[in-house]
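S.K.: Dropping a prediction and its sequence here:
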Amino acid sequence: MQDLRVGFGGSEVVRGISFSVAPGECVAIVGESGSGKSVTARALLGLAGAGSDVRATAFTVAGRDALGFGPRDWRRLRGGFAGLVLQDALVSLDPLRTVGAEIGEVLAVHDVVPRAGRTAKVLELLESVGVPEPELRAGQYPHELSGGLRQRVLIASAIAAGPELIIADEPTTALDVTVQAQILRLLAGRKAAGTALLLISHDLAVVGSIADRILVMRDGQIVEQGPARDVLTTPAHDYTCALLAAVPSAASRGTRLSDRTGASDQARLPDGARLSDGAGVSDGVGVSGRAQLVKGSRSADGVRPGETARPAEGVRPAEGAQLPDGVGPAQSGALAAATAPVPVPVLAVTNLTRSYGSRRVVDDVSFALYRGETLGIVGESGSGKTTLARLALGLLDPDRGQVTLHDQPWSGLPERLRRPLRQRIQLVSQNPLDSFDPRHTAGRLVAEPLRSRSRSRWRWRLPREERRAAVLELLARVGLPPEVAARHPRELSGGQRQRIAIARALGPRPDVLVCDEPVSALDVSIQAQVLDLLAELQHEYGTAMVFISHDLGVVHHLADRVLVMKDGRVVEEGNVDEVFSRPRHPYTRDLVAAVPRLPD
């Protein structure tokens, strides 16, 4: 490929890039959303889209000149010579066909195995990409699977015909660390067998674990390229340095990840809107270092300035010591001294259990969450993390156990009593598009929580102009310009939709923010901005957070404490540094060992 250019409507989004991928080689393309990575990958298979203008000085695929390819040539190429794995599996898979039929079609079209052997081959492919119970899953439809399972099915479909080239666009984004490691081993095995691999990813650690060469794209151009280790350890371009500095990890705790400036955020604010004092926006952080989160940063014992230390876990009260009213050992741990004040948890979960049929998905889980604290919850897909979040939010009722909000009953309340309190606990989900009304603009979506229910009618709590200013201020807080307010969800990128979801959740100033994989679909720079934003707002307002993620680096960067879940149970919990540095449970050790790391 030489001098590839892809344009839409007279505007070039890929501007003169050149590269090649040899058999048995992995070339990775990294960069922010909008840099041209995915358009480049699609152009290689004739899928740049309607109205696209694709030009190149030389474009050779499988030894043939692709500049003269017609639709039939491209169809022969796809699936057989080249397999494509896209990020959004729900869109890529046919909703009207079972998983087995989807993969079986590839086997049939490319005549991989005789009809009699297709079912066995489908099950073999599903098992190879880590799909549990392949016989059951082969008969299910895409909507019946989790996001991680759908992604694995898509990978199985892409490799079914044994292609010579695999183009993988964010193939591990929706996967937990152990399955991600399994998929990376699978791709590495294909590479070792001579398959060429073009990998597009925003996860630099994933890229570093498998890539031979890395291309760094920005604004449709390659700004840096070279051997993977050289690019990741001694980057030459400032943009590459900024990407690497934005990777969350244990070392980044207490620091800003992004290099946004206060001036740039303030410039986005419309007339009449302003950032609240002490918003915590940094003053020009360069790529050579990170600004410290001074306001609200943790001390050595994990306590933020102005907060009372919680009782140490595992310390029993002095004999005869009187516990404060409403505080028991199960809720607060034991008291080191009877006179020490003990805060009441903002959110407390006690012995929660929830089953679906005969399967127990949450099994006797308890935790307490305090003001200004972040509790990370990690575990594989299917471990019960999201169900636990839905129980805490009051979207599901437990079979046993209880949830309290500010020491008052929350689970088990009739919805008419719970509804006025819902603004105190808000959700940021992994896929906000599913939770947005597609008929509403972004401005309307952000404004929605600014209403209150009076008898049988919903009323706006703020006059129109104040409401508009509040919406635009919230958009500015999450780094979005005012014009986004007039757009609909489908007109926004994934990163913009995620920031709209955060702005909407922050509108009512909740006491608790439940974040379920809120940054898993974002590239590293946007992820950094969102994590900085959550930390800033938490320090400013004292918001407590439950942060669910399969990315242990993100959790280590942001959380104070962590719960590790497996098969619905908490197998390990404690201070995040202690759990991740010295894991006690074999499952936790496996999770930590599976995390891809940047080379030293």
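M.R.: Done, it's in. Numbers count the residues shown, from 1 in each chain.
S.K.: What is the neighbour count of the nearest residue to Val14 once chain neighbours are set aside?
M.R.: Spatial nearest neighbour of Val14, excluding adjacent residues (CB to CB, 6 or more residues apart in numbering): Val6 at 4.0 Å. Yep, even glycine has a C-beta here, placed from its N, CA and C like the rest. Val6 has 22 neighbours, counted by other CB atoms under 10 Å.
S.K.: now do Val471
M.R.: Look at Val471: counted by other CB under 10 Å, it has 27 neighbours.
S.K.: and what of the one 10 residues further on?
M.R.: Number of residues near Pro481 (other CB under 10 Å) recorded here: 13.
S.K.: How about Pro596?
M.R.: By other CB under 10 Å, neighbour count at Pro596 equals 18.
S.K.: worst-scoring helix or strand of the chain, pLDDT-wise?
M.R.: When the helices and strands of the chain are scored by mean pLDDT, DSSP states H and E, helix 262-267 comes last with a mean of 33.
S.K.: in stretch 584-600, what's buried?
M.R.: Neighbour-count burial for stretch 584-600 flags Tyr587, Thr588, Leu591, Val592, Ala594, Val595, Pro596, Leu598 (criterion: 16 or more other CB atoms under 10 Å).
S.K.: before we move on, what SS does the last one have?
M.R.: Right, Leu598. With DSSP: H, G, I helix; E, B strand; the rest coil as the basis, Leu598 sits in coil.
S.K.: Sketch out the low-pLDDT regions of this protein for me.
M.R.: 174, 259-341, 452-461 (pLDDT under 70).
S.K.: From the recorded domain assignment, give the ranges for this structure.
M.R.: Domains of the chain are assigned by automatic domain parsing as 4-249, 267-280+373-382+415-594.
S.K.: how near is the residue nearest the centre of the chain to Pro449?
M.R.: Centroid-nearest residue in the chain: Ser520, 1.2 Å away (criterion: CA atoms, centre = their mean). Noted for Ser520: a distance of 23 Å to Pro449, by CB to CB, to the nearest Å.
S.K.: and if you look at Pro481?
M.R.: To Pro449, Pro481 is 21 Å away according to CB to CB.
S.K.: Next: Ile214.
M.R.: Ile214 is 42 Å from Pro449, by CB to CB.
S.K.: Tell me which of these two has more neighbours.
M.R.: Taking other CB under 10 Å, Ile214 and Pro449 do not tie; Ile214 has more neighbours (25 against 20).
S.K.: Go ahead and confirm that one touches Val30.
M.R.: Yes - here Ile214 reaches Val30: they are 6.2 Å apart, a contact under CB atoms under 8 Å.
S.K.: need the strands for the stretch 501-600 of the chain, in chain order.
M.R.: Using DSSP state E, counting those that start in this stretch, the strands of the stretch 501-600 of the chain run over residues 512-516, 544-548, 561-566, 569-575.
S.K.: for the stretch 151-300 of the chain, that is, sorry about that
M.R.: Using DSSP E, counting those that start in this stretch, the strands of the stretch 151-300 of the chain run over 165-169, 196-200, 213-218, 221-227.
S.K.: Dump the ones you listed to TSV, plus distance to Val403.
M.R.: Output for the strands of the stretch 151-300 of the chain, formatted as TSV (distance: least, CB to CB, whole Å):
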stretch	distance to Val403
strand 165-169	39
strand 196-200	41
strand 213-218	46
strand 221-227	49
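S.K.: mind checking which of those is nearest Leu244?
M.R.: strand 213-218 (10.2 Å; CB to CB).
S.K.: Contacts for stretch 420-439, please.
M.R.: Residues outside stretch 420-439 that contact it (CB atoms under 8 Å, 6 or more residues apart in numbering): 147, 347, 389, 392-394, 405-406, 410, 445, 449, 452-453, 488-490, 497-498, 500-502, 505-506, 508, 510-518, 520-521.
S.K.: Past the helix or strand hosting the residue nearest to Val14, which element shows up next along the chain?
M.R.: Per DSSP states H and E, Val6 falls inside strand 4-8. With elements assigned by DSSP H and E, the helix or strand that comes after strand 4-8 is strand 11-17.
S.K.: what about Asp516, distance to Gln225?
M.R.: To Gln225, Asp516 is 36 Å away according to CB to CB.
S.K.: measure stretch 488-500 end to end?
M.R.: Terminal residues of stretch 488-500 lie 11 Å apart, using CA to CA, to the nearest Å.
S.K.: what does it contact?
M.R.: So stretch 488-500 is contacted by 33-34, 428, 432-433, 436, 438-442, 445-446, 475, 478-480, 484, 518-519, 521-523, 526, 530 (CB under 8 Å, 6+ apart).
S.K.: Buried ones only from these, please, as a PyMOL command.
M.R.: For the buried members of these, the matching PyMOL selection, counting by 16+ other CB under 10 Å, is:
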select buried, resi 33+34+428+432+433+436+441+442+445+446+475+478+479+480+484+518+519+521+522+523+526+530
